[in-house]
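Engineer: need the 3D shape of this:
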Amino acid sequence: MPDSDYILEMKKIRKQFPGVLALDDVDFDLKPGEVHVLLGENGAGKSTLMKILSGAYSKDSGDIYINGKKTEIGTPANAQGLGIGIIYQEFNLNPYMSVAENIFMGREPAILPGVINWPRLYRDAQAILDGLNVKISAKQKVESLGVAMQQMVEVAKALSLDARILIMDEPTASLSNNEIESLFQTILDLKKQGVAIIYISHRLQEIFEIGDRVTVLRDGQYIGTKPASEITRNDMVKMMVNRSLDDHIPKQKAKVGDVVLKVENLNVEQRLKDISFELRTGEVLGIAGLMGAGRTRLAKTLFGAETIKSGTILINGKKLELKSPRDAINAGIGLVTEDRKHEGLVLDLPVKQNISMPNIRKFLRRGVINFKKENAVVDEYIDKLKIKTPTRNKLCVNLSGGNQQKVVLSKWLCSDAKIFIFDEPTRGIDVGAKTEIYHLMNELTANGIAIIMISSEMPEILGMSDRILVMRDGRIEAEIPGEKATQEQIMKYALGEPYEISV
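Structural biologist: Predicted coordinates:
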C-alpha cells in the first residue's frame, strides 16, 4: 500500500499510441503543500502523464493512488471530483463573459432550475479571488484582463472545484518579471493552504525559486527525482538530454563583416523613439529589455507590419521603403515571431504549405505550381533542420513547440533571407531544441547571415550575442559589447538606472 503521506502516487504508468510508446512504466508522486517540478524535453511524456492524471487520456496499465486510495480516473469530470485541477499554457476562458461566469461555468448557483442566482455567483467568485489576493472584480469581462490576471482566473476556477492537486503547464511563458513574482507569491500562498502543485516549465532558473522536488522524464521513461536544493542546472540538463550543460549555449564566433542594415532616427507613433543602430553580416545583435520596452514593436516595424512616423532604414546602403511585410521579405528580411502559433504558422495547414507558402513564386512555372520541386525543397529543410514529423503533410498543430519553431525557420531559410529577426526564438521549447536553434544560428552567421535576436532569457542574450542593445520605454538605452555584458548591467539599463561600462 502506498504511503498515505503522499496526496498522489502514480506507479508504473504506461501509455502507447500507434507506433509510439509515450510512457514506459513511469513513476511520479506528490506531497500536500509542495511544488513538484516535472521536467523533460518536448516529447518526453510530461503532457501525456498529466493528461492521464487529469482524465483526458486513459492509461494502458499502472496504478494511481489519491491519499493512499487506489483510484481510476476515467474522465476530466472524475479528475475534478477527486480535487485535480489543470491550468494549460493556453487558457480555456470565454473572453466575452464575466470572471465569475468563467469561474463557475456549468456550475452556476441557481434560484430555480435554469435561473442563475447572480448575487451569489458574484459573491462566491469574489471570495475566491480575494482569497488569492487578486485585485480583480468578479463582474469584469475576461477580455479586459491581461495575461497574468487571466491566469489568476484559471487558478480561481480550479480552486472553485476544491482542487487539492493543481497542475500548472508553463505558467510563466507569457508573463513579465513582475507578474512572475506575483504568481510565485500566489503559489507560496497555495502551498500554505496545503494545495499540492505540479509545475511544468522549460525555464530552469525558476526551479530553484519555486520548486521543492524535481522529477525528470526522457523519451517516455522515468529518469529520477531529486530535491530541488540538491540538484544543479547542469544535473537537470544531463538528466533531460543525456549531455552536459557545456553545449547548452554553444556560441561560435563568426567573421563580422560590413553593415547590412542601418536604422536612423526611427520613430513609430508613441511607441518607438529615435531608434538608431547598425547590424553587420555574420553577427548576432541581441536586444534586451523588460516586457513593454518596445522590442517586439521594433521587430514588427523592421518587418513592415507597423507604420513608420519618421526615420530611415537602409539595406546595404540603399533606402528601404517599408509599406508591408512583402516589402521586407523582398528585401531579404525574415521574422521569426514571438507568437509562432498565431503569427508564424497556419496551424491547420501541413508542414509543407507552411514552409512553401511565402515562397510559392519559387515553385511556379507559367503560373502552375511545380509540386515535385516544392516537395523536394520542403523535404530538404525537414531533413536539414531535423523536424520530427512523419510526413511533410502532417498538420503543424500536431507538432511539438520546438518542431513548430523549426518549421517557421525553414520558411525563412527557403526565402533566402539575409537578415533574420528572432523574437523570443526559444520560448516554450525544451533544452535540446534550444541547443539545435543555437547551432542553426551559428551556421547562419558563419554563412554571413545577420541576426537580430530579441530575448527575455538572460543566459540566451549573454551567451549568443556579439553586441547587446538594451531597450526601455521605446528607446535604446545602451549598447554593450557582448563579451563585456553582465546581467546586472542589462537590468540596470532596462530599469533606467545608469551603469558605467568600461570598453
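Engineer: just the CA atoms of stretch 375-391, as CSV, please.
Structural biologist: Below are the C-alpha coordinates for stretch 375-391, written out as CSV (Å, rounded to 0.1, in the frame of the first residue of the first chain):
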residue,chain,number,x,y,z
ASN,A,375,8.2,18.6,-52.3
ALA,A,376,11.9,18.3,-52.8
VAL,A,377,12.7,21.6,-51.2
VAL,A,378,10.4,21.0,-48.3
ASP,A,379,11.9,17.6,-47.7
GLU,A,380,15.4,19.2,-47.8
TYR,A,381,14.5,21.6,-44.9
ILE,A,382,12.8,18.9,-42.9
ASP,A,383,16.0,16.9,-43.1
LYS,A,384,18.3,19.8,-42.6
LEU,A,385,16.6,21.1,-39.5
LYS,A,386,15.7,17.6,-38.2
ILE,A,387,12.0,18.4,-38.0
LYS,A,388,10.3,15.5,-36.2
THR,A,389,7.3,14.8,-38.4
PRO,A,390,6.3,11.5,-40.0
THR,A,391,5.5,13.3,-43.3
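Engineer: so which bits of that stretch are buried?
Structural biologist: Val377, Val378, Tyr381, Ile382, Leu385, Ile387, Thr389 (16 or more other C-beta atoms under 10 Å). Heads up, the C-betas are built off the backbone N, CA and C, glycines and all.
Engineer: show me which residues of the lowest-mean-pLDDT helix or strand in the chain are buried.
Structural biologist: In the chain, no helix or strand scores lower on mean pLDDT, DSSP states H and E than helix 233-241, which sits at a mean of 80. Buried residues in helix 233-241, counted by 16+ other C-beta under 10 Å: Met236, Val237, Met239, Met240, Val241.
Engineer: what pairs with the helix or strand following it, parallel or antiparallel?
Structural biologist: Following helix 233-241 in sequence order, the next helix or strand is strand 259-268 (DSSP states H and E). Strand pairing for strand 259-268, using DSSP bridges, gives strand 272-280 (antiparallel), strand 310-315 (antiparallel).
Engineer: ok, residues contacting strand 259-268?
Structural biologist: Defining contact as C-beta atoms under 8 Å, 6 or more residues apart in numbering, one finds that strand 259-268 is touched by 272-281, 297-298, 301-302, 306-317, 418-419, 450, 474.
Engineer: report the buried residues of it.
Structural biologist: Using 16+ other C-beta under 10 Å as the burial criterion, the residues of strand 259-268 that qualify are Val260, Leu261, Lys262, Val263, Leu266, Asn267, Val268.
Engineer: would you turn the residues you listed into CSV with pLDDT and distance to Ile223?
Structural biologist: Shown next, in CSV, are these (pLDDT from 0 to 100; distance: C-beta to C-beta, whole Å):
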residue, pLDDT, distance to Ile223
Val260, 96, 44
Leu261, 96, 44
Lys262, 96, 49
Val263, 96, 47
Leu266, 95, 48
Asn267, 95, 52
Val268, 93, 48
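Engineer: out of the residues you listed, which comes closest to Val35?
Structural biologist: Within these, distances to Val35 taken as C-beta to C-beta reach their minimum at Val268, with 41.1 Å.
Engineer: the closest one and Leu298, how far apart?
Structural biologist: Counting by C-beta to C-beta, to the nearest Å, the gap from Val268 to Leu298 is 8 Å.
Engineer: tell me which strands and helices whichever helix or strand Lys191 is part of is in contact with?
Structural biologist: For Lys191, the element it lies in under DSSP H and E is helix 177-192. With contacts taken as 3 or more C-beta pairs under 8 Å, 6 or more residues apart in numbering; DSSP states H and E, helix 177-192 sits against helix 147-160, strand 196-200, helix 204-210.
Engineer: so how far is it off the chain centroid?
Structural biologist: Counting by C-alpha atoms, centre = their mean, to the nearest Å, helix 177-192 is centred 19 Å from the centre of its parent chain.
Engineer: which residues touch it?
Structural biologist: Applying C-beta under 8 Å, 6+ apart, the contact partners of helix 177-192 are 33-35, 132-134, 146-148, 151-152, 155, 166, 168, 171-172, 175, 197, 199, 206, 209-210, 290-291.
Engineer: that helix to helix 147-160, inter-axis angle?
Structural biologist: Calculated by axes from the mean of the first three to the mean of the last three C-alpha atoms, to 10 degrees, helix 177-192 forms an angle of 10 degrees with helix 147-160.
Engineer: would Asn78 count as being in a helix?
Structural biologist: Yes: assessed with DSSP: H, G, I helix; E, B strand; the rest coil, Asn78 lies in a helix.
Engineer: so what's it closest to, chain neighbours aside?
Structural biologist: Setting aside the residues directly before and after it, Asn78 is nearest to Gly55 in space (C-beta to C-beta, 6 or more residues apart in numbering), at 5.3 Å.
Engineer: so for that neighbour, what's the pLDDT?
Structural biologist: Note on Gly55: pLDDT of 93.
Engineer: now Glu170
Structural biologist: 81.
Engineer: so what's it up against?
Structural biologist: Glu170 sits next to Gln89, Ile200, Ser201, His202, Gly428 when contact means C-beta under 8 Å, 6+ apart.
Engineer: which one (most neighbours) among those residues?
Structural biologist: Sorting these by how many neighbours each has (other C-beta atoms under 10 Å) puts His202 first, at 24 neighbours.
Engineer: contacting residues for that residue?
Structural biologist: Contacts of His202 were listed using C-beta under 8 Å, 6+ apart, and they are Glu170, Gly428, Ile429, Asp430, Val431, Lys434.
Engineer: for Gly402, see how far away it is.
Structural biologist: Counting by C-beta to C-beta - His202 and Gly402 are separated by 10 Å.
Engineer: so what sits against both of those two?
Structural biologist: The contact sets of His202 and Gly402 overlap at Ile429, Asp430, Lys434 (C-beta under 8 Å, 6+ apart).
Engineer: ok, back up a step: buried ones among the contacts of strand 259-268?
Structural biologist: By neighbour count, with 16+ other C-beta under 10 Å, the contacts of strand 259-268 hold 272, 275, 277-281, 297-298, 301-302, 306, 308, 311, 313, 315, 418-419, 450, 474 as buried.
Engineer: how about the helices in the stretch 351-500 of the chain?
Structural biologist: Secondary structure of the stretch 351-500 of the chain by DSSP state H, counting those that start in this stretch: the helices cover 351-356, 371-384, 401-414, 431-446, 458-464, 487-494.
Engineer: out of these, which comes closest to Ala328?
Structural biologist: helix 401-414 (11.0 Å).
Engineer: the inter-axis angle of that closest one versus helix 371-384?
Structural biologist: Here helix 401-414 runs at an angle of 130 degrees relative to helix 371-384 (the same axes, to 10 degrees).
Engineer: just the CA atoms of helix 401-414, as PDB, please.
Structural biologist: Written as PDB, here are the backbone C-alpha positions of helix 401-414 (Å, rounded to 0.1, in the frame of the first residue of the first chain):
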ATOM      1  CA  GLY A 401       6.700  23.600 -29.900                       C
ATOM      2  CA  GLY A 402      10.300  23.000 -30.900                       C
ATOM      3  CA  ASN A 403       9.400  21.500 -34.200                       C
ATOM      4  CA  GLN A 404       6.900  24.200 -34.900                       C
ATOM      5  CA  GLN A 405       9.700  26.700 -34.400                       C
ATOM      6  CA  LYS A 406      11.800  24.800 -36.900                       C
ATOM      7  CA  VAL A 407       9.100  25.000 -39.500                       C
ATOM      8  CA  VAL A 408       9.000  28.800 -39.100                       C
ATOM      9  CA  LEU A 409      12.800  28.900 -39.500                       C
ATOM     10  CA  SER A 410      12.500  26.700 -42.600                       C
ATOM     11  CA  LYS A 411      10.100  29.100 -44.200                       C
ATOM     12  CA  TRP A 412      12.600  32.000 -44.000                       C
ATOM     13  CA  LEU A 413      15.600  29.800 -44.900                       C
ATOM     14  CA  CYS A 414      13.700  28.800 -48.000                       C
END
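Engineer: that concludes my questions; thank you for your assistance.
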